[in-house]
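Colleague: Below are the sequence and a predicted model; questions follow.
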Amino acid sequence: MIRPLILFLFLTSFPVHAAVPKMDTFITQLMAKMTLEEKIGQMEQYTAEMAVTGNSIKGDYRDEIIKGRVGSILNAHGAKFTRELQKIAVENTRLKIPLIFGYDVIHGFKTIFPIPLGESSSWDLKLMEKSARLAANEAAAEGVHWTFAPMVDIARDPRWGRIAEGAGEDPWLGSRIAEARVRGFQGDVPGAQDRVLACVKHFAAYGAPIAGRDYNSVDMSERELRETYLPPYAAAINAGAATVMTSFNDIAGVPSTANEWLLTDLLRRQWKFKGFVVTDYTAVNELIQHGVAADEKQATQLAVRAGVDLEMQGGLFTKNVPALIKEHKLNRALIDKSVRRILEAKYKLGLFNDPYRFSDEQRAQPIVMARDKMEHAREVARRSIVLLKNSRSLLPLKRASTIALIGPFVDNQRDVIGNWSAAGDWKKAVSLAVGINAARAGQGKIVTAQGAELVDSKGSTDALINEAVTKAKNADVVVLALGEPEWMSGEAASRTRVRVPENQQALLRALHATGKPIVLVLFNGRPLALELENEMADAIVETWFLGTQSGHAIADVLFGDYNPAGKLTVTFPVNEGQIPIYYATKLTGRPFNAKSKYTSKYLDASNEPLFPFGWGLSYTNFTYSSVQLSRDRLRPGQKLKVSVTVTNSGARDGEETVQFYIHDLVASVSRPVKQLRSFAKIFLKKGESREVAFELSLEDLKFYNQAMKWTTEPGRFKVMAGGNSRDLKEASFTLIN
Ligand code: NOJ
């Protein structure tokens with residue numbers, strides 16, 4: 001029995017590369033056979049017809065494959081289609097080098113999970129890892145090798161529509177989520193047949209465009225860049241992300257795609273990144289529009305020199321690299337390095353062994369939209385919901401009541417799967433009406449009305465509102481489903497007014513005038529300014545865009561079959577004038593003081609957000625003890641145990657996210673008033689108490705000091721614990737070093 005077992009273990013540990021020699025030797029031998037043109041071909045990527053996020057400029061991409069001038073295709077998916085394209089590469093080209101297929105698998109492939117910002121509200125790293133794993137599972141079965149995710153851009157400006165794709169405003173939490181998503185997509189070792197390669201994007205600081213306008217310039221201090229914006233990219237790379245995508249923006253005038261400091265000094269020398277760098281869509285060409293390259297040739301030179309390995313959709317490398325080498329404006333060695341990195345990825349994916357490894361229709365069939373995916377889709381969706389407000393415990397709803405279900409999202413299936421919904425089929429999504437009807441199980445009564453269009457384009461507002469008001473008057477409670485259509489968030493979807501569209505607000509006003517209690521169910525891809533909604537609705541349920549199982553997940557929460565536990569990962573402003581608004585702010589020399597005019601504040605609005613970072617209610621209550629510290633002096637090498645006892649003091653079992661923050665009171669540079677350093681999710685039965693602790697070490701206290709050194713400085717620190725970033729208990733200790 002032993003021998004076959006050893007043989008079996010041997011074979012299963014080398015299943016991918018059994019027929020080809022070891023990677024380095026194999027690639028060296030292959031590259032020795034490649035012409036310069038064939039090498040440059042590996043550095044080109046073109047889109048298939050299926051989906052495009054810019055101007056498609058290469059209708060003849062199939063001819064390019066035949067000529068050996070393409071290394072990768074994006075937007076091609078489906079076992080059959082990818083097989084067809086792969087066949088062109090491996091049967092027609094001289095060296096038969098397989099293509100690598102990349103696609104935006106952002107929050108699911110066919111089964112759609114909540115948008116990433118929504119999912120981050122679960123604060124559940126295992127759950128997010130699982131979403132990425134299941135998305136990878138489906139995508140890999142449909143011929144996709146590589147996803148352009150996770151997007152880990154920190155975003156503190158809700159005007160920017162791509163805030164929907166990230167994990168919110170906090171670098172520490174964003175880093176943990178980035179790691180979880182990379183692990184989920186890739187698994188332990190990149191290349192498994194049921195996973196995809198990850199691509200951390202958009203490097204760097206794409207989430208901080210000036211004025212929240214997509215693609216706009218970024219300009220910030222080096223400290224802000226290093227402390228707030230870079231950590232999630234670094235965390236994703238440490239977690240093994242195989243590839244990195246450059247961002248469209250410039251930072252202080254230098255576009256990322258031409259930024260040698262960013263792509264080579266930082267990424268490769270300091271962070272030791274070993275994978276390959278792809279540009280964003282036509283980002284090399286755009287160096288001309290940025291005004292840093294006079295023509296396509298110079299754009300190519302800048303990008304390759306900076307450290308770009310693969311060009312997405314631009315087609316400039318093929319045109320310009322040979323001449324640039326001839327004129328000694330580019331070094332051949334750079335090209336060789338890039339080609340090697342790309343071939344390594346293909347090797348790790350096992351494509352040299354079997355180019356069709358991921359393109360097998362029979363394998364796909366039982367995997368895609370299978371039961372495990374659907375169950376997870378419901379679970380992750382309900383865990384992403386944030387209960388923002390619940391006056392007089394209006395929620396959960398009583399099944400026996402008459403509910404007026406009103407709003408343009410009641411029967412909506414398209415928008416609930418959100419933007420960037422990959423190959424997801426919205427017709428398979430569960431609408432709110434379907435979810436609520438299933439959950440009430442024949443009890444009570446539901447009346448529905450559209451009430452408003454998504455946006456006021458058809459001019460039928462009054463008639464719709466009147467119908468809704470009549471129905472509301474005969475109901476016990478109004479469940480009002482309002483929000484942004486999905487196209488208002490995502491790429492190229494910045495807004496200056498981050499509100500529920502006006503025609504929908506008119507509906508809210510009219511329903512409020514009926515005096516009926518209102519439960520507002522919100523659908524949106526960004527934090528919204530909810531001043532009016534907070535005034536007029538008795539309960540507010542933030543559901544983002546929850547994906548395929550949306551309606552069931554919302555019904556689970558509305559009827560109390562699931563006790564909501566989501567917490568915001570991004571601050572909700574009172575109004576747009578407060579933007580950017582985030583919890584980790586600094587004190588200023590004149591901190592807010594209501595009694596003193598000459599302090600940092602607005603004349604017409606509070607400094608406080610409507611809903612702070614970390615906020616989210618439950619159908620039960622949690623109370624916090626004072627914060628206990630295991631010592632009041634901390635020395636290098638020591639750990640400090642920070643603990644707090646949390647009690648479920650309400651009437652239901654429930655889950656709480658216990659958050660720990662620090663504040664360095666005096667340092668050589670002013671430090672944020674709060675910085676998240678740990679959290680724990682705990683489930684407590686009603687009446688139950690539990691101690692929650694975290695071990696704080698020197699690492700948690702480090703920052704870039706005045707000399708830009710990553711270090712700690714001795715002195716007093718505050719440590720805080722609570723259920724959101726505003727309502728916290730605190731204690732303090734001294735760091736001695
Ligand atoms: C442009 C987007 O910025 C990027 O996130 C995406 O991966 C590419 N297009 C490919 O679709």
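Modeller: It's in. Numbering: from 1, shown residues only.

Colleague: What's the local residue count around the residue of the stretch 551-700 of the chain found nearest the ligand?
Modeller: Going by CB to the nearest ligand atom, the ligand is nearest to residue 570 of the stretch 551-700 of the chain, at 19.1 Å. All C-beta spots, glycine's among them, are computed from the backbone N, C-alpha and C. Here the number of neighbours of residue 570 (other CB atoms under 10 Å) works out to 28.

Colleague: Which residue comes closest to it once chain neighbours are left out?
Modeller: Spatially, and ignoring its direct neighbours in sequence, residue 570 is nearest to residue 168 (4.0 Å; CB to CB, 6 or more residues apart in numbering).

Colleague: Can you give me the distance of that neighbour to residue 156?
Modeller: Counting by CB to CB, to the nearest Å, the separation of residue 168 from residue 156 is 9 Å.

Colleague: between those two, what contacts are shared?
Modeller: residue 570 (CB atoms under 8 Å, 6 or more residues apart in numbering).

Colleague: Quick check: the residue of the stretch 351-500 of the chain nearest the ligand.
Modeller: residue 491 (5.5 Å).

Colleague: Distance check, residue 708 against residue 723.
Modeller: Counting by CB to CB - residue 708 and residue 723 are separated by 35 Å.

Colleague: Let me fix that, I meant to ask about residue 297.
Modeller: Counting by CB to CB, the gap from residue 297 to residue 723 is 57 Å.

Colleague: Which residues are in contact with the closest residue to residue 639 other than its chain neighbours?
Modeller: Excluding its sequence neighbours, the residue lying closest to residue 639 (CB to CB, 6+ apart) is residue 695, at 4.6 Å. By CB under 8 Å, 6+ apart, the contact list for residue 695 reads 639, 640, 641, 642.

Colleague: Which element, helix or strand, includes the nearest residue to residue 427 once chain neighbours are set aside?
Modeller: Using CB to CB, 6+ apart and skipping the chain neighbours, the partner closest in space to residue 427 is residue 413 (6.3 Å). Using DSSP states H and E, residue 413 maps to neither a helix nor a strand.

Colleague: Name the residues of stretch 423-431 that are buried.
Modeller: The neighbour-count check on stretch 423-431 (16 or more other CB atoms under 10 Å) flags 423, 424, 426, 429, 430, 431 as buried.

Colleague: What residues does the stretch 551-700 of the chain have near the ligand?
Modeller: With CB under 6 Å from any ligand atom as the criterion, the stretch 551-700 of the chain does not meet the ligand at any residue.

Colleague: and the most centrally placed residue in the chain, backbone torsions?
Modeller: Central residue of the chain (CA atoms, centre = their mean): residue 166, 2.7 Å from the mean position. Main-chain torsions, residue 166, degrees, to the nearest 10: phi -110, psi -160.

Colleague: and if you look at residue 405?
Modeller: Given degrees, to the nearest 10, the pair of backbone angles that residue 405 has is phi -100, psi 110.

Colleague: And residue 643, by the same measure?
Modeller: phi -140, psi 160.

Colleague: Verify the contact between it and residue 658 for me.
Modeller: No: under the criterion of CB atoms under 8 Å, residue 643 makes no contact with residue 658, lying 10.1 Å away.

Colleague: doesn't residue 267 fall inside a helix?
Modeller: Yes: counting by DSSP: H, G, I helix; E, B strand; the rest coil, residue 267 is found in a helix.

Colleague: residue contacts, it?
Modeller: Residue 267 touches 203, 237, 244, 273, 277, 307, counting by CB under 8 Å, 6+ apart.

Colleague: can you name the two of the residues you listed that are farthest apart?
Modeller: 237 and 307 (13.8 Å; CB to CB).

Colleague: Contact residues of the stretch 201-350 of the chain facing the ligand?
Modeller: Close to the ligand, as judged by CB under 6 Å from any ligand atom, the stretch 201-350 of the chain has residues 201, 280, 281.

Colleague: Go through those and say which is closest to residue 582.
Modeller: Out of those, the member with the shortest distance to residue 582 (by CB to CB) is residue 201, at 21.5 Å.

Colleague: quick one: secondary structure of the closest one?
Modeller: Assignment for residue 201 (three-state DSSP): strand.

Colleague: Roughly how far does residue 81 sit from residue 145?
Modeller: From residue 81 to residue 145 the distance is 14 Å (CB to CB).

Colleague: low-scoring stretches of this structure, by residue?
Modeller: Counting by pLDDT under 70, the low-confidence segments of the chain come to 1-19, 51-57, 458-460.

Colleague: hang on, the earlier thing: please identify which of residue 708 and residue 723 sits among more neighbours.
Modeller: residue 723 (22 against 12).

Colleague: just the strands in the stretch 51-200 of the chain please.
Modeller: For the stretch 51-200 of the chain, strands defined by DSSP state E, counting those that start in this stretch occupy the ranges 72-74, 100-103, 146-147, 199-203.

Colleague: which secondary structure elements does the last one contact?
Modeller: Just to be clear, that refers to strand 199-203. Applying 3 or more CB pairs under 8 Å, 6 or more residues apart in numbering; DSSP states H and E, one finds that strand 199-203 contacts helix 231-238, strand 243-246.

Colleague: who does the last one touch, helix- and strand-wise?
Modeller: Yep, that's strand 243-246 we're talking about. strand 199-203, strand 276-278.

Colleague: other SSEs contacting the shortest one?
Modeller: Looking back up the chat, that one is strand 276-278. strand 243-246, helix 332-348.

Colleague: circling back: which one's more surrounded, residue 81 and residue 145?
Modeller: residue 145 (28 against 18).

Colleague: The more buried one and residue 198 touch, don't they?
Modeller: No: counting by CB under 8 Å, residue 145 does not reach residue 198; the two are 11.2 Å apart.

Colleague: on that earlier part again, pretty sure the residue nearest to residue 427 contacts residue 432?
Modeller: No: using CB under 8 Å, residue 413 is not in contact with residue 432; the gap is 9.6 Å.

Colleague: number of nearby residues for the closest residue to the ligand within the stretch 151-300 of the chain?
Modeller: With CB to the nearest ligand atom as the measure, residue 281 is the residue of the stretch 151-300 of the chain nearest to the ligand, at 4.0 Å. Neighbour count of residue 281, defined by other CB under 10 Å: 22.

Colleague: for residue 21, same thing?
Modeller: With other CB under 10 Å as criterion, residue 21 counts 12.

Colleague: Check the gap between it and the ligand for me.
Modeller: Residue 21 sits 34 Å away from the ligand, going by CB to the nearest ligand atom, to the nearest Å.

Colleague: list the contacts for the residue nearest to residue 570?
Modeller: 117, 120, 154, 155, 174, 568, 569, 570, 613.
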